[in-house]
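Student: Got a predicted structure plus its sequence, pasted below:
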Amino acid sequence: MKKVIIYARVSTSSQEYDRQLEELRSYCKRMDYENEDMKVEAIRNLKKNLATLKTKQKTVTMRYATGEIDKAVFDEVHGDLNAEILTVENELQQLEKNNSNLSKYITKSVEIASKLGGYWRKKDFKLCQKIQKLTFPDGIKWDGEERCFRTDGENVFLAKIALVGASVEGLAKKEQDKSCDLSCLVAGAGLEPATSGL
């Protein structure tokens, strides 16, 4: 089963976030994708259910202590509630265990993917082969007529990361290089002798 994370946003005021999110959730169900968003909702519901069961358990104990119910009823109801609580706690533990490292894994993956060029420049042959297979899953072919290498396709995810990385890098360079703000038609100070008294 594929794991997916829903990233939803609206770009205009006429769009409805909740409707868009619900459509994406139903698509995930149809495609049999494991949606992390649904997992979060399941965890929330299990915690609410657990709190309700513990409240019921406390109420039964109080009723037994005040003599409203006898020991046989208390033992039966208390035992059933304990079994339900144990089941819910186990389900909750399973969901939280599977959910715990996902964001760390995604963050690390994006970090590594955005630095593939640096890893490539290290010129470790085995590492370069892995990067090449990851970046170009269909392989790299030699075109004898053009005397150059060709690629039929590239990893779409890595291409998007490279695009974002390049645009961020471009923004950083633009902020550092302020010389482009000066006019190209006017010579800078010191290139022509100063004319005074004209």
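Tutor: Thanks, I have the structure now. Numbers count the residues shown, from 1 in each chain.
Student: Please report how far A83 lies from L53.
Tutor: Distance from A83 to L53, counting by C-beta to C-beta, to the nearest Å: 10 Å. Every C-beta, even on glycine, is put in place using the N, C-alpha and C of the backbone.
Student: These two - which one has more neighbours?
Tutor: L53 (20 against 11; other C-beta atoms under 10 Å).
Student: Name the nearest residue to the more buried one, ignoring sequence neighbours.
Tutor: Distances taken as C-beta to C-beta, 6 or more residues apart in numbering place I85 nearest to L53, at 5.0 Å, with adjacent residues excluded.
Student: now N82
Tutor: The nearest residue in space to N82 (C-beta to C-beta, 6+ apart) is Q57, at 7.3 Å.
Student: What values do phi and psi take at G67?
Tutor: In terms of degrees, to the nearest 10, the main-chain angles of G67 are phi 80, psi 10.
Student: can you count the residues close to V77?
Tutor: V77 has 18 neighbouring residues, counting by other C-beta under 10 Å.
Student: Excluding sequence neighbours, find me the nearest residue to it.
Tutor: Spatial nearest neighbour of V77, excluding adjacent residues (C-beta to C-beta, 6+ apart): V60 at 5.1 Å.
Student: Let me know whether the one you found touches L81 as I believe.
Tutor: Yes - assessed by C-beta atoms under 8 Å, V60 is found in contact with L81 at 6.7 Å.
Student: For this protein, just list every one of the helices.
Tutor: Ranges of helices within the chain are 17-30, 36-65, 71-99, 102-113, 116-121, 125-135, 156-176, based on DSSP state H.
Student: R150: which of those helices is closest?
Tutor: Between R150 and those, the tightest spacing by C-beta to C-beta is seen for helix 125-135, at 13.6 Å.
Student: Would you mind splitting this protein into its domains for me?
Tutor: For the chain, automatic domain parsing gives the domain ranges 3-100, 106-179.
Student: Switch the ones you listed over to TSV; also include mean pLDDT.
Tutor: Output for those, formatted as TSV (pLDDT from 0 to 100):
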stretch	mean pLDDT
domain 3-100	81
domain 106-179	76
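Student: who does K141 bridge with?
Tutor: Counting by DSSP bridges, K141 is bridged to R150.
Student: Now do the same contact list for it.
Tutor: By C-beta atoms under 8 Å, 6 or more residues apart in numbering, K141 lies in contact with F149, R150, T151, D152.
Student: I'd like to know the phi and psi angles of the closest residue to the third one other than its chain neighbours, please.
Tutor: I take that to be T151. With sequence-adjacent residues excluded and distances taken as C-beta to C-beta, 6+ apart, T151 is closest to F136, at 4.8 Å. Main-chain dihedrals, F136, degrees, to the nearest 10: phi -120, psi 80.
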